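A.B. asks: Please work out how this folds:
(chains A and B)
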Amino acid sequence: MSSLLHKAAQLWNQVPELWASLPDVVPITLAGLFIFALTAIMGLLAAVIMVLMERKVLSWFTQRKGPNRVGPAGILQSIADGIKLLTKEDIMTPAQDKFLFTLAPAIFLFPVFALYALVPFSEALIGASLPLGLLVVFALSSVSVIGLVLAGWSSNNKFSLLGGMRSAAQAISYEVPLIMSVIGVVLFSGSANLQTIIQAQSGGILHWYGIALTPLSFILFYIASIAELNRVPFDLPEAESELVSGYNTEYSGMKFATFFLAEYAGLFILSALTVALFFGGYTSPFGTTVVQQLGIDVGVAQWMRLPQLQSLIINGEQVFWMLSKTYIFIYGAMLLRGTLPRLKPDQLMGFCWKFLIPLSLINLFMLAFYKQFSLSFASDGWAGSWMFMVLAAVVGIGGVLGFCKFIDTQFRANVASRFTAESK
Amino acid sequence: MSTKDPLSTLEKSEGNIVLESIKAIGQGLATVLKHHPRKAVTLEYPEVMPELSDRFHGRLTLLSKSDDTDLCIGCQACARVCPCDDLIQIDMHRDDAKKPVVTRFTIDMGRCIFCGNCTEVCPVDCIKMLSDFELADFSREALVLDKKDLTLSGEESDAWRAQRGMNPTVK
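C.D. replies: Numbering: from 1, shown residues only, chains lettered A, B, ... in the order given. Coordinates of the predicted model:
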């Protein structure tokens, strides 16, 4: 018995040598496969989880129980939904353009899944750390608009066409405040590389951009992203109770499931982006990760005699922070869905062009001035920079409130003109 | 008729439309969040049966006398007052002691509209309605209940009468 333990201990001691003796190709390939598996699985898993999460969360808001028949507490509901959609008949009329009809869901889905490779889930877990990562993210998310228009057009259905056109107009319009609200973050972090942006926010909760620097940018980004995803209150193109289903009326079975999955995947990605840009991504709110502070990472690595385990544990905790923060924002999107009524098309577009875009322009100018002049003020010492920050906050809040007053007068003039015109 | 001029209400209203909207949205979100810790009002049928009143219009039944003999006198009032044609079919004859004997009593539950007219006109309080609503079956013929399916035993009839505050025993 003791000889067996002795042999086991010998083998255990040889593990680091064995690991180092493998040719370089092996760990590189394994790492690549691991990252690929992670991003692919993360995408599919997110969509699967969110199908159930949305129904459960909405039911909690309305004092109901969500799905609870399939599996304990309804955990297997997503699988049941998937099986149902997979086995449904794929209906296509001869009048529909076969090629475009089949192509539209694909164009809608693939850019969204490609984005999973660009979002960093931890220090090491990123599919592709591009220097212009943020630009590529927004470019890819714009490609899926083509899928929407194709879907509406090839359905041979006037209502679908209408829904598709509205959806495209909405998506394109809301990209403007989406990107403008992010430029400030790029300005302050100095790079469009998502890893750099996240590292610039390390150091705890008070370094996060959404809390310490620009809550307004975060709010603008969040609202614009919900509009991008065609979610309530901006879901007129889908309008489940009005246009039947807008651009995806004529779709059944797996093609419908593709639109569905793409929407949930997009929700996960945009929430992950919100977290990455404004809430420190995978950094912990306590500064360094908890395992580093408690020394667990070093302790376990020494115990297991694998020095690589230390970074694995740290990355593991970073993944935990990233996912939990992302799911908080996904929950927020579902909260908005369960609370707010739907906007009319004119209200929808007016909200974007007449409110969000001017506001994001004002926000951008304020951030640009702050960045420029804080450099000179900071050289005056601690008191100078604090004074400037207070001044900037006062001017900022004053500017935003002034803009709100301007909107208010416009609104009153608009309503007044409508009523005086009616009385004639 | 005093209708408030919407224009004047708008002119007099204080506050910024933007800030008022944010406040309204915030109130909505707070209300929804308050629902979170509440217990769900869902009734998990069929594990949990709903609580029905004594007057519930469920399946029809024929009560018996307390000693398990027939209470029905075959007067056919229920069949005549039923709004559906030929729903209740009754065959009755009199025996040597001039007492009524009901040989056939069928009700087609598939066509019954559960209005309760028959329960109201019965002179001997025989035909009544239970709380049973789970009547689904696999064929139309199976929904036609005959006298044996409809009749409750003496004990069950006493229990039915007692629960509704009627005199439990019937001689």
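A.B. asks: need the contact list for the closest residue to chain B within chain A.
C.D. replies: Among residues of chain A, the one nearest chain B by Cβ to the nearest Cβ turns out to be A:Cys404. It sits 3.9 Å away. Quick note: C-beta positions are derived from backbone N, CA and C, even for glycine. A:Cys404 is in contact with B:16-19, counting by Cβ atoms under 8 Å, 6 or more residues apart in numbering or on different chains.
A.B. asks: Quick one, which of those are buried?
C.D. replies: Judged by neighbour count, with 16 or more other Cβ atoms under 10 Å in any protein chain shown as the criterion, the buried members of the contacts of A:Cys404 are B:16-18.
A.B. asks: Could you list which of these also contact chain A?
C.D. replies: Here is what survives when the buried ones among the contacts of A:Cys404 are matched to chain A using Cβ under 8 Å from any Cβ of the partner chain: B:16-18.
A.B. asks: So which of those residues is the closest to A:Gln14?
C.D. replies: Here the nearest of those to A:Gln14, counting by Cβ to Cβ, is B:Val18; it sits at 68.4 Å.
A.B. asks: pLDDT at residue 126, what is it?
C.D. replies: Because you didn't say which chain, this covers chain A. Listed pLDDT for A:Ile126 reads 83.
A.B. asks: ah, I was thinking of chain B
C.D. replies: According to the model's per-residue confidence, B:Cys126 sits at a pLDDT of 92.
A.B. asks: Look up the closest residue to it, ignoring the ones flanking it.
C.D. replies: Leaving out its chain neighbours, the residue that sits closest to B:Cys126 by Cβ to Cβ, 6 or more residues apart in numbering or on different chains is B:Leu71, at 4.3 Å.
A.B. asks: circling back: for the contacts of A:Cys404, which two are the farthest from each other?
C.D. replies: Farthest-apart pair in the contacts of A:Cys404 is B:Ile17 and B:Leu19; separation 7.6 Å (Cβ to Cβ).
A.B. asks: Tell me the secondary structure at A:Ile83.
C.D. replies: Using DSSP: H, G, I helix; E, B strand; the rest coil, the structure places A:Ile83 in helix.
A.B. asks: What residues does the closest residue to chain A within chain B make contact with?
C.D. replies: Of chain B, the residue with the smallest distance to chain A, taken as Cβ to the nearest Cβ, is B:Val18 at 3.9 Å. Under the criterion of Cβ under 8 Å, 6+ apart, the contact list for B:Val18 reads A:355, A:404, A:407-408.
A.B. asks: And those residues, which is closest to B:Val101?
C.D. replies: The shortest approach to B:Val101 among those belongs to A:Phe355, at 84.6 Å (Cβ to Cβ).
A.B. asks: And for that closest one, the neighbour number?
C.D. replies: 18 (other Cβ atoms under 10 Å in any protein chain shown).
A.B. asks: Also A:Ala169?
C.D. replies: 17.
A.B. asks: ok, back up a step: touching, the residue nearest to B:Cys126 and B:Val124? I think so.
C.D. replies: Yes: B:Leu71 is within contact range of B:Val124, at 5.7 Å (criterion: Cβ atoms under 8 Å).
A.B. asks: So for the two, which residue has more residues nearby?
C.D. replies: For the pair B:Leu71 and B:Val124, the greater number of neighbours falls to B:Leu71 (20 against 13), based on other Cβ under 10 Å.
A.B. asks: Got the phi and psi for that one?
C.D. replies: As for B:Leu71, its main-chain torsions (degrees, to the nearest 10) stand at phi -100, psi -20.
A.B. asks: What pLDDT does the model give it?
C.D. replies: For B:Leu71, the model assigns a pLDDT of 91.
A.B. asks: Quick check: closest non-adjacent residue to A:Ile407.
C.D. replies: Nearest-residue entry for A:Ile407: B:Val18, 5.4 Å, with adjacent residues in sequence omitted and distances by Cβ to Cβ, 6+ apart.
A.B. asks: ugh, wrong one, B:Ala162
C.D. replies: Residue nearest to B:Ala162 in three dimensions, not counting chain neighbours: B:Pro168, with 4.2 Å by Cβ to Cβ, 6+ apart.
A.B. asks: was I right about the one you found contacting B:Glu156?
C.D. replies: No: using Cβ under 8 Å, B:Pro168 and B:Glu156 do not qualify as a contacting pair, with a distance of 11.3 Å.
A.B. asks: element containing the residue nearest the centre of chain A?
C.D. replies: Most central residue of chain A, judged by C-alpha distance to the mean C-alpha position with Cα atoms, centre = their mean, is A:Leu270 at 1.5 Å. With elements taken from DSSP states H and E, the one containing A:Leu270 is helix A:253-278.
A.B. asks: and that helix, what other elements does it pack with?
C.D. replies: Helices and strands touching helix A:253-278, by 3 or more Cβ pairs under 8 Å, 6 or more residues apart in numbering or on different chains; DSSP states H and E, are helix A:25-61, helix A:77-86, helix A:98-114, helix A:133-154, helix A:158-189, helix A:194-200, helix A:215-228, helix A:308-339.
A.B. asks: where are the low-confidence patches of chain B?
C.D. replies: Low-confidence segments of chain B, defined by pLDDT under 70, are located at B:1-4, B:6-7, B:9-12.
A.B. asks: measure A:Ser217 to A:Phe351 for me?
C.D. replies: Distance of A:Ser217 to A:Phe351, given as Cβ to Cβ, to the nearest Å: 17 Å.
A.B. asks: Of the two, give the one with the bigger neighbour count.
C.D. replies: Neighbours were counted for A:Ser217 and for A:Phe351 using other Cβ under 10 Å; A:Ser217 has more, 25 against 19.
A.B. asks: May I have the residues that are in contact with that one?
C.D. replies: For A:Ser217, the residues meeting the contact criterion (Cβ under 8 Å, 6+ apart) are A:181-182, A:184-185, A:209-210, A:278, A:360, A:363, A:367.
A.B. asks: Let me know how buried the nearest residue to it once chain neighbours are set aside is, in neighbour terms.
C.D. replies: The spatially closest residue to A:Ser217, leaving aside those adjacent along the chain, is A:Ser181, at 4.5 Å (Cβ to Cβ, 6+ apart). For A:Ser181, the neighbour count with other Cβ under 10 Å is 28.
A.B. asks: measure A:Ser181 to A:Pro215 for me?
C.D. replies: In this structure, A:Ser181 and A:Pro215 are 11 Å apart, going by Cβ to Cβ.
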